[in-house]
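Asker: After the sequence you'll find the predicted model.
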Amino acid sequence: MPEYHIVGKSKQRLEGFEKVTGELRFTDDLKFPGMLNAKVFRSTVPHGSVVQIETGEALQVPGVVAILTARDIPGRNGVGIIVKDEPVLIENRIRRIGDPLALVAAHSQAAADSAISKIRSEIKELAAVFTPKDALAESAPQLHEKGNMLFHRKIRKGNIEEALAKADVVIENTYETPFVEHAAMEPEASIACRDNDSITVWASTQNPHFDRGEVATVLGLDQNRVRIVQQATGGGFGGKLDISTQCHAALLAWYTRYPVKLVYTREESFIASGKRHPYVINYLTAADRKGKLLGIKAEIFADTGAYASYGPGVVTRAAVHATGPYHVPHVHVDAYAVYTNNPYCGAMRGFGVPQVGFAHETQMDILGEKLGLGPWEIRSMNFLSPGMTTATSQMLEQSVGMGETLERVKQRVTDKKC
Amino acid sequence: MSNMGGVGVKKRGWGIGCMWYGIGNTALANPSGAFIDLLNDGTVILLTGCADIGQGSSTVLAQIAAEVLGVELEKIRVISGDTGVTPEGGATSASRQTYISGNAVKAAALQAQKPLLEKASILLKVPVGELVCRDYKIFPRFDPEHSVALQEMIIHCRREGKMTLGHGWFNPVTTGLDEETGKGVPYATYAFATQWAEVEVDTETGEVTVLQLVAAHDVGHAINPQSVEGQIEGGCAMGQGYALMEELVVDRGAIRNPGFSNYLIPTMEDIPHIETIIVEAEEASGPFGAKGVGEPPLIPTAPAILNAVSNALGIRFTRLPLTPEAMLTALQEVGKGEVKKTK
């Protein structure tokens, strides 16, 4: 009798047929009677303070039902996965291009778009910072109450000075990685419907239960009055963990009592959503002449942009993984998430590790070259196995397939060459 | 192997990249819950907070429930990500849903099944621990011929007023990290991988063509191997974009390329043949030995490609992405002797 009968089998996707035929309904495919369309009025300056937002002319556009600003928020005007530092609508301080200033709901998308073009804002521009280095300078404008240093994660194992003293070879380089867009096939989308004292939001999301808490707090409702239904979702890659359209659609539906749909255009998705953090990594690898790693020292600066999002989590994961899948007796890592007036950065597939992966794998190759060892050899001498400890001094006991992945790829590549 | 097979201005090379990745949120509690209702016609409703965003979690969770309950996959109806009816599953992130929600579903299914096994144990005179549920039958592990029908056991239970409902939840065993040293257990388990890339560099245009990729991933026991392959292939494509194409140009806070006409991501024209190898170092605490695979595949791809380019040219690159423009600049600097060749 085989051990399992369904687990381990390549079963077809439950929703595969509907996906292939196009019958599966995403949020934008849903329609409700009387449904309004919405649009967000956004900042075009990276840093500033709001003097005035004039909506009078926009309200005259035929078909416009409501225009909301920060003072219309009944609950808390702040959302965020780790720190609630991102206003739902800006009341005073703008911290990035794309910050939301006002919401429009109208009987057609054209009317909503037209009203947006008639909103006038008076903004006093402020000096801005665009790199972690500039943001950490003494004279830099401070973007949040606690300053521009959002988070610092330290990893210390052994004594890095000892590794450097013993090392036969030291490799030191600086690595730089870019902002990256998630580019999920489906842009951000929500439809909200109010039913007396409760509200339902159909959303394209990676975490409906988080959304529930945020919508409830923003509307000032108990959580059990808010229902989030995750509609079929066309990808996320981390970009649909933050609040995007959920609270805005819910606010408009709450005020107008109409169902309200808010779907980003592709351009709006680029401008308004979180990104992969750009890093600057100063990375030092110390090894003995045989190629055994002795120590790794890394300093990681992540530009977290205007708001925290998952920033502290991203740099923590980067710090923990900075050594790569290798046994390193001496580790000294500092990872910093720094606020700037750039687009905010948060979770993106790999969560801070692709950046450090680029650094540690390039370092391993260079180390091998210095010692006359090939890419396979230098890694084979150092990979993590059961019984070894990680950078956080965690002992790995079981399920450590690192060596097997290396061996299997090497075997496959060797076979190909035959 | 370097520089072999290069014709004229085109140079070939190969490189590898390795990675590890902790499954679940870092050093934080991140539980998931699930409900199972085994109905009296033998069909099942599975309620999970886990958002399937295209990665295939609903199918994998249904497979886990079907395996435990001994019913066909088609009999499982998954209702997911609806806060009105489903318990919290936590975020679809951190490559965590198969491991964490999978364990929650398994626990819920075992609880729903418990009264059926107790009834069958009495009828078959076999301890509960020796019974197996499969193909709508309950039978002793070492005596499959001696069985009772699952459906009959459900009817027996209903007559006795017993519901076949289950709830379950799981939270991975982790600790916080010390503030000064980072010491601790941030994850209960880790995924591992090695990828190999072969590239061809056109030194005249600066373009890098990825010729082939081989990707071996330790995912624990693969619940749905084809789904794992899909994740690996998709991740490799994303990693290729990270290596060679994708750069959001941000100038004084403004995104200069907010659209697909000038923010380029790989298409089928760019993506090479990707050979996947599933390595199954089973995780003792995972559902049927599973870990996770959502994020790991894109991590080693960029370094494998960049190492391959270096192997082809003898130049090291420390900045992503390596666009044709960046490549040509680097080649010009080598020509001027400004960049030291590494080999």
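Answerer: Happy to help now that I have it.
Asker: Now do the longest strand that chain A contains: distance to the chain's middle.
Answerer: Ranked by residue count under DSSP state E, the longest strand found in chain A is strand A:293-305. Offset of strand A:293-305 from its chain centre (Cα atoms, centre = their mean, to the nearest Å): 19 Å.
Asker: Mind checking the pLDDT average for it?
Answerer: Across strand A:293-305, the average pLDDT comes to 98.
Asker: what lines up beside that strand in the sheet?
Answerer: With DSSP bridges as the test, strand A:293-305 is paired with strand A:279-287 (antiparallel), strand A:330-339 (parallel).
Asker: Downstream of the last one, the next helix or strand is which one?
Answerer: In the C-terminal direction, the helix or strand that comes right after strand A:330-339 (DSSP states H and E) is helix A:353-371.
Asker: Could you check whatever helix or strand comes next after that following helix and say which residues are buried?
Answerer: Downstream of helix A:353-371, the first helix or strand assigned by DSSP H and E is helix A:375-380. If you call a residue buried by 16 or more other Cβ atoms under 10 Å in any protein chain shown, then helix A:375-380 has these buried ones: A:375-376, A:378-379. The way it works is simple: take the backbone N, C-alpha and C, and place the C-beta from them, glycine included.
Asker: now stretch A:282-289
Answerer: By 16+ other Cβ under 10 Å, the buried positions in stretch A:282-289 come out as A:283-287.
Asker: follow-up on the earlier one: if we compare the strands paired with strand A:293-305, which one ends up closest to residue A:305?
Answerer: Proximity to residue A:305 (Cβ to Cβ) singles out strand A:330-339 among these, at 7.2 Å.
Asker: quick check: angle from the closest one to helix A:353-371?
Answerer: 140 degrees (axes from the mean of the first three to the mean of the last three Cα atoms, to 10 degrees).
Asker: quick one: strand A:330-339 to chain centroid distance?
Answerer: 18 Å.
Asker: Point out where the stretch 1-150 of chain B drops to low pLDDT.
Answerer: B:1-8 (pLDDT under 70).
Asker: which stretches of it form strands?
Answerer: For the stretch 1-150 of chain B, the strands defined by DSSP state E, counting those that start in this stretch cover B:10-22, B:32-38, B:44-48, B:76-80, B:131-134, B:137-140, B:148-149.
Asker: Export those to TSV and append columns for mean neighbour count and distance to chain A.
Answerer: What follows is the strands of the stretch 1-150 of chain B, written out as TSV (neighbours: other Cβ atoms under 10 Å in any protein chain shown; distance: least, Cβ to the nearest Cβ, whole Å):
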stretch	mean neighbour count	distance to chain A
strand B:10-22	26	4
strand B:32-38	25	10
strand B:44-48	23	10
strand B:76-80	20	6
strand B:131-134	19	6
strand B:137-140	20	10
strand B:148-149	16	17
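Asker: could I get the ones you listed as TSV with distance to residue B:335?
Answerer: Putting those into TSV (distance: least, Cβ to Cβ, whole Å) gives the following:
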stretch	distance to residue B:335
strand B:10-22	15
strand B:32-38	56
strand B:44-48	58
strand B:76-80	57
strand B:131-134	68
strand B:137-140	74
strand B:148-149	79
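Asker: who's whichever residue of the stretch 201-350 of chain A sits closest to chain B bridged to?
Answerer: Using Cβ to the nearest Cβ, residue A:230 is the residue of the stretch 201-350 of chain A that sits closest to chain B, at 3.1 Å. Assessed by DSSP bridges, residue A:230 has beta-bridge partners residue A:203.
Asker: From residue A:186, how far off is it?
Answerer: 12 Å (Cβ to Cβ, to the nearest Å).
Asker: So for the two, which residue has more residues nearby?
Answerer: Neighbours per residue (other Cβ atoms under 10 Å in any protein chain shown) separate residue A:230 from residue A:186, with residue A:230 holding more: 29 against 21.
Asker: right, and that one touches residue B:78 too?
Answerer: No. Contact criterion Cβ atoms under 8 Å: residue A:230 and residue B:78 do not qualify, at 12.0 Å.
Asker: before we move on, the earlier item: what touches both of residue A:230 and residue A:186?
Answerer: residue A:204 (Cβ atoms under 8 Å, 6 or more residues apart in numbering or on different chains).
Asker: nearest to residue A:75, of the strands paired with strand A:293-305?
Answerer: For the strands paired with strand A:293-305, distance to residue A:75 was read as Cβ to Cβ. The smallest value, 24.7 Å, belongs to strand A:330-339.
Asker: Could I get the CA-only coordinates of that closest one as PDB?
Answerer: C-alpha atoms of strand A:330-339 as PDB (Å, rounded to 0.1, in the frame of the first residue of the first chain):
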ATOM      1  CA  HIS A 330      31.900  34.700  13.300                       C
ATOM      2  CA  VAL A 331      29.100  36.900  12.100                       C
ATOM      3  CA  HIS A 332      28.600  40.700  12.500                       C
ATOM      4  CA  VAL A 333      25.600  42.100  10.600                       C
ATOM      5  CA  ASP A 334      23.900  45.500  10.900                       C
ATOM      6  CA  ALA A 335      20.800  46.100   8.800                       C
ATOM      7  CA  TYR A 336      19.000  49.400   8.700                       C
ATOM      8  CA  ALA A 337      15.700  50.500   7.300                       C
ATOM      9  CA  VAL A 338      15.700  54.200   6.600                       C
ATOM     10  CA  TYR A 339      12.800  56.500   5.800                       C
END
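Asker: so who does the residue nearest in space to the middle of chain B touch?
Answerer: Using Cα atoms, centre = their mean, the residue of chain B that lies closest to the mean C-alpha position is residue B:293, 2.1 Å off. Residues counted as contacts of residue B:293 (Cβ under 8 Å, 6+ apart) are B:95, B:98, B:191, B:217, B:219, B:228, B:231-232.
Asker: out of those, what pair is the most spread apart?
Answerer: B:98 and B:232 (14.0 Å).
Asker: neighbour-wise, which of these two wins?
Answerer: Between residue B:98 and residue B:232, counting by other Cβ under 10 Å, residue B:98 is the more crowded of the two (33 against 27).
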